Each structure stands twice: as C-alpha cells, then as structure tokens.
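Peer 1: Just to be clear, the model below is a prediction. Sequence and coordinates:
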Amino acid sequence: MIRVRAVGPALAPVVATLLFALTLAPGCARAQVPTRPTAPATPAAADTPLEPGGGELLPAGFGSLNQNDVAVRLRTPDLEVRIVLLDEGLLRLLAPDSYAALHQTAASRRAAIDSVGRQRGVSVPGLALVGFYGLRQGVQFDPQLVTITARGRILRPIGIVPLGAAFNTQQLDLRGQAMAIYVFEETIPVTEPLGFAYGVARNDDWARRLPVLERERQRVLARARAAGAAPAEPTAEHPDSTRR
C-alpha cells in the first residue's frame with residue numbers, strides 16, 4: 001500500500017462539504033438543469049485521465065443528478081464512510097457544480113496519483129473519493145478496510161492520496177471528517193453491479209442504481225443535442241467507462 005503525503009489542504013474543506021452535505025440532509029432536492037446549459041467552470045487541469053472506456057464521451061454541463069445518486073454510504077456504530085467513484089463518464093451525469101468540484105479534486109492530485117501508478121506499473125488506475133465521518137468523539141478508522149467488489153473480485157487500493165493532514169491521524173472527533181483519493185490497479189466498471197465494504201459493513205445496492213444512471217445518460221445526450229453540443233470521442237486525456 002502506497003500512502004502519499006497530504007498536500008494542498010485548502011481544497012479539503014470544500015470537498016468535505018460536498019461529500020458530506022447530503023449525509024446530513026438526505027432529503028435535499030435534485031439540482032435544476034438550465035434550459036440552455038453553459039460549459040461548467042472546469043479548469044484546463046481537469047483534462048486529465050480518470051477512467052478508460054469506449055464509445056462517445058458525454059458532454060460536460062448537462063447532468064442533473066446529485067451526489068446522493070452516485071455516492072455509496074457505509075455505516076458502523078462509530079463511523080459513516082462515503083464513497084464516490086471518480087469515473088469521468090459517471091461524474092458527467094452530475095449537476096454542473098458537483099461535476100466541476102469533484103473533477104477538479106481528482107485533477108488537482110494528478111501528480112500524486114500518477115506517482116502511485118508509476119510505482120505499481122499502472123497507467124490508468126481506478127479512482128474513488130473516500131470520506132470518513134465521525135459519529136462519536138475520538139473514533140479511529142482504518143483506511144485499508146475499504147474494498148470494492150467487481151466481477152467477482154475484491155479490489156483493494158494500491159495507494160491512497162490524502163486530502164489534508166486530518167487523514168493521516170486516522171482519528172476523528174465527533175462530526176470530524178477525513179478524506180482521500182483511493183487508487184486502484186484497474187478501473188471500476190461503473191455500469192455493472194458493484195459491492196462496497198468497510199470491514200464487515202457492506203453496501204450492495206449499486207445494481208439498483210444502474211437504471212437511474214442509464215436514464216440520466218440518455219437525458220444528458222438529449223439535452224446536449226438540443227443545445228448543439230455533440231459528444232466527443234474518448235481519448236487518453238479524457239476517457240470514459242460508462243459506455244459498455
């Protein structure tokens with residue numbers, strides 16, 4: 001397991017707000033999509049590889065899902081663990097603000113992610129944003145207990161890139177938060193059933209989300225066509241794994 005030193009802690013509070021806001025307010029309404037979408041405020045640094053795939057890459061800025069639709073929750077008596085797969089095609093189903101924030105989070109740690117990949121001989125790793133939220137004072141967490149099951153295999157991270165120094169302490173106060181980007185040796189097949197676990201806590205409901213994701217993908221394509229924005233072919237700089 002490769003652990004990268006925490007860098008750029010200024011981003012952590014912003015991402016923490018995004019990752020855990022809907023944990024505290026699960027009834028939050030879905031974001032509205034403008035009739036004539038504009039390009040999201042995504043910097044050029046966001047044009048970095050996330051997940052590979054084939055087919056057309058969805059245009060950015062036309063999604064309407066919120067993070068509750070794509071985030072996976074695991075709960076123990078002491079912790080809540082929240083996981084968002086940083087797959088480019090999946091992120092483009094989100095409302096523009098959420099897409100831009102999560103995409104930029106991965107792009108801002110690209111050097112560290114690439115370093116993990118080089119050390120393990122992986123050119124295009126799978127990525128997940130993982131957050132831990134304390135439900136009592138002084139709770140400890142073990143980052144290595146997070147796993148993903150895909151195609152009958154248990155995937156464990158080959159590296160962890162902390163977002164802020166709080167992650168390195170592995171201890172949380174009540175309502176304290178710690179986050180990191182988990183790096184996997186292969187991409188996560190987001191269009192297939194997946195299982196998530198933190199120790200004995202499991203969440204296997206990803207399969208039930210797949211119809212929602214596919215319907216939103218079709219809506220995004222329809223909105224993009226109506227606005228005259230054609231999908232692009234994925235490249236090494238902008239891959240997509242939501243296409244089968």
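Peer 2: Alright, I've got the coordinates. Numbers count the residues shown, from 1 in each chain.
Peer 1: How much space separates residue 172 from residue 212?
Peer 2: Counting by C-beta to C-beta, to the nearest Å, the gap between residue 172 and residue 212 amounts to 31 Å. Heads up, the C-betas are built off the backbone N, CA and C, glycines and all.
Peer 1: before we move on, what about residue 141?
Peer 2: 29 Å.
Peer 1: Let me see the contact set for residue 78.
Peer 2: Remark: with contacts taken as C-beta atoms under 8 Å, 6 or more residues apart in numbering, residue 78 is in contact with 134, 135, 136, 139.
Peer 1: Helices along this structure, start to end?
Peer 2: Taking DSSP state H to define them, one finds helices in the chain at 11-24, 67-70, 88-91, 96-108, 110-120, 166-169, 206-227.
Peer 1: so which of the ones you listed gets nearest residue 195?
Peer 2: The minimum distance between residue 195 and these falls on helix 206-227, with 7.2 Å, by C-beta to C-beta.
Peer 1: looking at the helices of the chain, which is buried most?
Peer 2: helix 88-91 (a mean of 27; mean count of other C-beta atoms under 10 Å).
Peer 1: what's the burial count for residue 63?
Peer 2: 28 (other C-beta atoms under 10 Å).
Peer 1: What separation do you get for it and residue 176?
Peer 2: 30 Å.
Peer 1: Output the below-cut-off pLDDT ranges for the protein.
Peer 2: Across the chain, the ranges flagged by pLDDT under 70 are 2-56, 230-244.
Peer 1: Would you map the strands across it?
Peer 2: Assigned by DSSP state E, the chain shows strands spanning 2-3, 72-75, 79-85, 126-134, 139-140, 146-150, 153-155, 159-163, 171-172, 177-184, 194-198, 201-203.
Peer 1: Now those strands in TSV, please, with extra columns for distance to residue 103.
Peer 2: TSV is the format used below for these (distance: least, C-beta to C-beta, whole Å):
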stretch	distance to residue 103
strand 2-3	23
strand 72-75	19
strand 79-85	11
strand 126-134	11
strand 139-140	30
strand 146-150	20
strand 153-155	22
strand 159-163	14
strand 171-172	26
strand 177-184	12
strand 194-198	21
strand 201-203	24
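Peer 1: Let me know which of these is the nearest to residue 226.
Peer 2: Closest among the strands of the chain, using C-beta to C-beta: strand 79-85, at 27.9 Å.
Peer 1: for the strands of the chain, which one sits closest to residue 222?
Peer 2: Within the strands of the chain, the stretch nearest residue 222 is strand 79-85; the backing value is 23.9 Å (C-beta to C-beta).
Peer 1: Against which helices or strands is that closest one packed?
Peer 2: Strand 79-85 makes packing contacts with helix 11-24, helix 67-70, strand 72-75, strand 126-134, strand 194-198 when contacts are defined by 3 or more C-beta pairs under 8 Å, 6 or more residues apart in numbering; DSSP states H and E.
Peer 1: how close does residue 187 get to residue 85?
Peer 2: 10 Å.
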